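Enquirer: structure of the sequence below:
(one chain, ligands or ions: 2)
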Amino acid sequence: MENVNTAATVINPNSESADNRKCPSCGATLKFDPATGGLSCEFCGRSVDIHQQIQPPGVGYSLEDLNTHAGAHYLQQAKIVCCATCGGKFILTAQSIAANCPYCGSNSLNETDDVTGMLEPTGVLPFKISKDEATKIFENWIAKQRFSPADLLTKARAAGFVGVYVPYWVFDANTYSAYSGKFGYTYGSGDDEYTKWETRSGVFKLDVKGETIIASQRLAGDSMWNSVSEFNMNLMRKYDPDLLAGFVAERYSIDGPAAWLTAKDRIRGKIKIGIINRESADRVGEIKFEPEYSNVRAKYCLAPVWVTSFKYNDQVYQVLVNGQSGEVRGRSPKSMRFLLRILMIIGIVMGGLLTMRMIMYFIAWIMQMR
Ligand SMILES: [Zn+2]
Ligand SMILES: [Zn+2]
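Expert: Ligands and ions are numbered 1, 2, ... in the order given. Next up is the predicted model:
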């Protein structure tokens, strides 16, 4: 077990291939540059074109590939590092970096060797938003935080941005569903309105494209992460380790077959809505259908998010910027003075209502006395 504990540390599991990712001018490690879509050197500014390698992601994995791993591509020349503090697991290639854990900030990332059996990503959504742009987005966001303490703007400084590739499964499938159900149609109006129920059956076909499931167990349950993770999956490119240069990539913790179960649930919901629309019923009773799926394809995709945090009164607040769209989400401190004011207003309104009620009771009581 090797401890990686400085931000500048770069582990190269395969130093041979890493050498061609060194700056031709000064020998520093190259990073992917969202502005040019190529690699560039932070130290001397030299850029290296990787455009000739840009390709569409291909068809992805079949269900059989996911279940048996037959014909699957495995992640090559990579290692997995695990955060000792929060348990986050990240892919380490010759090109990617391992510095601090992007989720909890801990610097104890330990190498593990469970890369065996890890599927290779099908595609990557490259970063479109640069670190400088992400920083500006953060500053605008924090300036707009309402109800925040007055000194937030001067005190809150982003603690540096880490670019993270978050794992997703993206499913395509053709579906065929024979259905039968009870559908209600309303006739007449007013008092004469009545519903006539009809039993109807038919066949409904739906081709699903790009049903997207987050492949990180930790992030799946986090509302902030979910709200920042709207990606245009049509811009996916074929997986290329060069696109990971300078970023951290999380390993999938929800595997393909598990993600497919979730995807099927969602697709079922869409099929049901499709059937209801097709029968254009006013009311719907029980609908029975069991979809058959064919041509199922799963793409394992890495999607870009800038992660930062800031400290305010010793509390750490995380902020996320979507690396493709620039959408920003974050948590921020709320001002105590503001909260007290809100409570006071609520108090006055409630007090007022209570007083009015008491006066009304009193009047009613007087009236009864007479
Ligand atoms: Zn250089
Ligand atoms: Zn961590």
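Enquirer: what's the average pLDDT for stretch 167-181?
Expert: Mean pLDDT, stretch 167-181: 96.
Enquirer: for stretch 274-293, that is, sorry about that
Expert: The model assigns stretch 274-293 a mean pLDDT of 94.
Enquirer: do a quick rundown of the helices in the stretch 101-250 of the chain.
Expert: Secondary structure of the stretch 101-250 of the chain, counting by DSSP state H, counting those that start in this stretch: helices at 131-143, 152-155, 217-220, 223-228.
Enquirer: worst average pLDDT in these?
Expert: Looking at these, the bottom one is helix 152-155 with a mean of 74.
Enquirer: what residues of it count as buried?
Expert: Neighbour-count burial for helix 152-155, with 16 or more other Cβ atoms under 10 Å as criterion, is recorded at L152. Bear in mind the C-beta positions are built from the backbone N, C-alpha and C, glycine included.
Enquirer: can I get that helix in CSV, CA atoms only?
Expert: These are the backbone C-alpha positions of helix 152-155, laid out as CSV (Å, rounded to 0.1, in the frame of the first residue of the first chain):
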residue,chain,number,x,y,z
LEU,A,152,-19.6,35.7,3.2
LEU,A,153,-18.3,37.3,0.0
THR,A,154,-15.1,38.5,1.7
LYS,A,155,-14.6,35.3,3.7
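Enquirer: can you list contacts of that helix?
Expert: Residues outside helix 152-155 that contact it (Cβ atoms under 8 Å, 6 or more residues apart in numbering): 142-143, 145, 312, 332-333.
Enquirer: ChimeraX command to pick out the buried ones of those residues?
Expert: Applied in ChimeraX, the following selects the buried portion of the contacts of helix 152-155 according to 16+ other Cβ under 10 Å:
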select :142,145,312,332,333
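Enquirer: go through the contacts of helix 152-155 and name the one nearest ligand 1.
Expert: Nearest to ligand 1 out of the contacts of helix 152-155 is I142 (Cβ to the ion; 33.1 Å).
Enquirer: before we move on, back to that, so for ligand 2, which of the helices of the stretch 101-250 of the chain sits nearest?
Expert: For the helices of the stretch 101-250 of the chain, proximity to ligand 2 was assessed by Cβ to the ion; helix 217-220 is nearest, at 9.5 Å.
Enquirer: what's in contact with the closest one?
Expert: Outside helix 217-220, the residues within contact range by Cβ under 8 Å, 6+ apart are 86-88, 103, 166, 214, 225-226, 229, 250, 253-254.
Enquirer: out of these, which comes closest to E327?
Expert: S229 (8.9 Å; Cβ to Cβ).
Enquirer: so where is this structure shaky, pLDDT-wise?
Expert: 1-20, 51-53, 70-72, 94-99, 113-116, 335-339, 369-370 (pLDDT under 70).
Enquirer: what residue is smack in the middle of it?
Expert: S229 (3.3 Å; Cα atoms, centre = their mean).
Enquirer: what residues are up against it?
Expert: Taking Cβ under 8 Å, 6+ apart, we find S229 in contact with 166, 168, 214, 219, 303, 305, 322.
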